[in-house]
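[1] Below: sequence and its predicted model.
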Amino acid sequence: MALVPALPKRFHGPSVWALYALGLIPAAWAFYLGATGRLPGNAVKEFEHLLGLWALRFLVATLTITPLRDLFGLNWLRYRRALGLLAFYYVLMHFTAYMVLDQMLRIPAIVADIARRPFITIGMAALVMLIPLALTSNNWSIRKLGQRWNKLHRLAYVIAAAGALHFAMAVKVVGPEQMLYIVLVTLLLAWRAVRTPFLRWKRQRTAGARSHTATQKAAG
Amino acid sequence: MPAYRPPRIAASEITPEPFFLDRRRFLAAAGGLVLGGAGVADAAELKASGSRYKVEETLTPEKDVTTYNNFYEFGTGKGDPAANSGGFKPAPWRVKVDGLVGKPREFGLEELLALPLEERTYRMRCVEAWSMVIPWVGFPLASLLDKVEPLGSAKYVAFETVVRPEEMPGQSGYFQPLPWPYREGLRLDEARHPLTILSVGLYGKTLPNQNGAPIRLVVPWKYGFKGIKSIVRISLTDTPPPCTWNLAAPDEYGFYANVNPAVDHPRWSQATENRIGEGGFFGSNRRDTLAFNGYADDVAGLYSDMDLRVNF
């Protein structure tokens, strides 16, 4: 079942690097527009919000890799680390923009915001949780941590939920865009709950079909 | 707290008669345009006298004032009102003034535009912690209220925005951010305060649709959401009128909504503000927010017996 033609193996590595490069374009482009006075109205907020939105998009993309493989047999596992790290870079840039460009490094105001405003507390918690994941996003850590690596990286579920919540809580009225990310994250997390029974059912069906064909052949 | 003293009008600020008459001629011409069905979206020049209410700060560029707006009837994005309000028809227009008044009646826009107009350069502080400095053109709300003779029992003034789903995309479809019509209200003494105006223009021209054409409220010492746009009805009441944002989230948006750096919005600080159109990406455009948005000398007396943390 090939929805997408398989990528020749020699392009696997370069395609991952291309993803990093492509993924950083929105940030670079928005920074260029902002720095040259081409972002309308509240340039800093526009930049900050764009970074946050792309962080959320990359978090969602990271969580989509598994269901794509389960449901469509599409193995894009090689892109997952890049997507996760891009999400981390965007969250980091989002926070830096807030801290430096928006709050002008008014540290007491930033600390008060993080402590007192639930949506900022949640956002900050997501950033903190992303740090160990980013630090262990390499082959050496996977080998070293073994099963514990899988356990640790389940934090991605909590982080994505926190991200969608942070977005919804930050606005005055929860609109279609915030709802979209809440629904996407909910579906992606719900998939984790049903995927084990689904995979078992799928294996049995495939096995059943195979033995059925075998019986027919024997009878013929 | 010093008692409020109404400003003396300097002789130099009285509009000379030729200009005054000229304005009427212009309005007659504008009326002709409206009757002809043309010029709906085009801004027309307005003649206005100066006033002592002029903030000595850099004006926010007209482009920012007319493209960075909160007007959820046209969408929730800051650029939505400018992008989606092209089909809105601000003329002809009528404003109904009723409730606890001796002479309830409707006013045609032409009649309101014929009132002595003043240019008022005010700070505008949004509840979202950004601000602008805008040269409004308008007239004191009190002068309209005088015409309908409020009864002694009137204590509040309620305002209502037009409902036109066919012209205002935010008012139709599956997702509507607020219940319509948008409503706002003031205490009668706030409404009669000389700083409170009904604006019909900015930057010397009629209001663009995205800024609340053809007529909107401006109360410079309150957060921007109190400045209800595209008003079709003004009612005097003896009970506090319902206010849209106050009903949507009573813990976040109070009835008074006076600009107050000491009382934070539950989700963000109100101590500082971003001045739109200044400073740019790297420069500092964040400044301290002033009590009553800098109009404390004029209005603090209205609230002298109130706890502003409770009545936020």
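    All right, it came through fine.
[2] The stretch 51-200 of chain B: helices as residue ranges?
    Read by DSSP state H, counting those that start in this stretch, the stretch 51-200 of chain B holds these helices, from start to end of the chain: B:62-65, B:80-84, B:109-113, B:141-148, B:188-191.
[3] Please identify which of those helices is closest to chain A.
    Of all those, helix B:62-65 sits nearest to chain A, with 6.0 Å by CB to the nearest CB. All C-beta atoms are positioned from the backbone trio N, CA, C, and that covers glycine.
[4] For that closest one, buried residues please.
    Within helix B:62-65, the residues that qualify as buried are B:62, B:64-65, counting by 16 or more other CB atoms under 10 Å in any protein chain shown.
[5] what's the average pLDDT for stretch A:106-115?
    Per-residue pLDDT over stretch A:106-115 has a mean of 91.
[6] residue in chain B nearest to chain A?
    Going by CB to the nearest CB, chain A is nearest to B:Tyr68 of chain B, at 3.5 Å.
[7] so is the residue lying closest to that residue once chain neighbours are set aside in a helix, a strand, or just coil?
    On the basis of CB to CB, 6 or more residues apart in numbering or on different chains, the spatially nearest residue to B:Tyr68 that is not a chain neighbour turns out to be A:Gly41, at 3.5 Å. Using DSSP: H, G, I helix; E, B strand; the rest coil as the criterion, the local structure at A:Gly41 reads coil.
[8] Which pLDDT value does the model give A:Gly41?
    Note on A:Gly41: pLDDT of 82.
[9] shouldn't it be in contact with B:Gly79?
    Yes. Counting by CB atoms under 8 Å, B:Gly79 is a contact partner of A:Gly41 at 7.5 Å.
[10] Need the overlap of contacts for those two.
    Common neighbours of A:Gly41 and B:Gly79 (criterion: CB atoms under 8 Å, 6 or more residues apart in numbering or on different chains): B:67-68.
[11] Skip the chain neighbours and tell me the closest residue to B:Met124.
    With sequence-adjacent residues excluded and distances taken as CB to CB, 6+ apart, B:Met124 is closest to B:Met132, at 4.7 Å.
[12] How many residues are close by the one you found?
    B:Met132 has 23 neighbours, counted by other CB atoms under 10 Å in any protein chain shown.
[13] one step back: list the residues that contact the residue nearest to B:Tyr68.
    Listed by CB under 8 Å, 6+ apart, the contact set of A:Gly41 reads B:64, B:67-68, B:78-79, B:276-277.
[14] Could you do B:Arg125 as well?
    Taking CB under 8 Å, 6+ apart, we find B:Arg125 in contact with B:131, B:223-224, B:259, B:273, B:289, B:293.
[15] In strands, which of those fall?
    Counted as lying in strands by DSSP state E, out of these, are B:131, B:273.
[16] Quick check: of the contacts of B:Arg125, which has the highest neighbour count?
    Of these, with other CB under 10 Å as the count, B:Val259 tops at 28 neighbours.
[17] ok, so what distance separates A:Arg148 from A:Phe88?
    According to CB to CB, to the nearest Å, A:Arg148 and A:Phe88 sit 20 Å apart.
[18] center of chain A - which residue?
    Relative to the mean C-alpha position of chain A, the nearest C-alpha, by CA atoms, centre = their mean, is the one of A:Leu59, at 1.5 Å.
[19] Quick check: the gap between the residue of chain A found nearest chain B and B:Ala271.
    In chain A, no residue comes nearer to chain B than A:Gly41, which is 3.5 Å away by CB to the nearest CB. Here the distance between A:Gly41 and B:Ala271 works out to 22 Å (CB to CB).
[20] try A:Trp140
    Counting by CB to CB, the gap from A:Trp140 to B:Ala271 is 46 Å.
[21] Of those two, which one has the most company?
    In terms of neighbours (other CB under 10 Å), B:Ala271 is the more surrounded of A:Trp140 and B:Ala271; the figures are 17 against 8.
[22] Quick check: chain neighbours aside, which residue is closest to that one?
    Nearest-residue entry for B:Ala271: B:Pro261, 4.7 Å, with adjacent residues in sequence omitted and distances by CB to CB, 6+ apart.
[23] roughly how far is stretch A:162-177 from the heart of the chain?
    What separates the centre of stretch A:162-177 from the centre of its chain is 17 Å, taken as CA atoms, centre = their mean, to the nearest Å.
[24] counting contacts, what elements does whatever helix or strand A:Arg195 lives in pack onto?
    According to DSSP states H and E, A:Arg195 maps onto helix A:176-219. Using 3 or more CB pairs under 8 Å, 6 or more residues apart in numbering or on different chains; DSSP states H and E as the contact definition, the elements that helix A:176-219 packs against are helix A:43-72, helix A:155-170.
[25] which outside residues touch the shortest one?
    Think helix A:155-170. A:52-53, A:55-56, A:59-60, A:62-63, A:84, A:91, A:118-120, A:122-123, A:125-126, A:129-130, A:132-133, A:174, A:178-179, A:181-182, A:184-185, A:188-189, A:192, B:267.
[26] among those residues, which ones are buried?
    With burial judged by 16+ other CB under 10 Å, the buried subset of these is A:52-53, A:55-56, A:59-60, A:62-63, A:84, A:91, A:119-120, A:122-123, A:126, A:130, A:133, A:178, A:181-182, A:184-185, A:188-189, B:267.
[27] and the angle for the helix holding A:Arg195 with helix A:43-72?
    Going by axes from the mean of the first three to the mean of the last three CA atoms, to 10 degrees, helix A:176-219 is angled at 20 degrees with respect to helix A:43-72.
[28] what bridges to B:Asn258?
    B:Lys222 (DSSP bridges).
[29] ok, now which ones touch it?
    When contacts are counted by CB under 8 Å, 6+ apart, B:Asn258 is found next to B:221-223, B:292, B:299, B:303, B:308, B:312.
[30] Could you dump these into CSV with pLDDT added?
    As requested, the contacts of B:Asn258 are arranged in CSV below (pLDDT from 0 to 100):
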residue, pLDDT
B:Trp221, 98
B:Lys222, 98
B:Tyr223, 98
B:Phe292, 98
B:Val299, 97
B:Tyr303, 97
B:Leu308, 92
B:Phe312, 94
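[31] Buried among these? Make that a PyMOL selection.
    In PyMOL, this line selects whichever of these come out buried by 16+ other CB under 10 Å:
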select buried, chain B and resi 221+222+223+292+299+303+308+312
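[32] List just the nearest of the contacts of B:Asn258 to A:His12.
    Within these, distances to A:His12 taken as CB to CB reach their minimum at B:Tyr223, with 54.7 Å.
[33] Was I right to think B:Ser153 contacts B:Asp238?
    Yes. With contacts counted by CB under 8 Å, B:Ser153 reaches B:Asp238, the gap being 5.2 Å.
[34] what is in contact with these two at once?
    Listed contacts common to B:Ser153 and B:Asp238 are B:Leu100; contacts here mean CB under 8 Å, 6+ apart.
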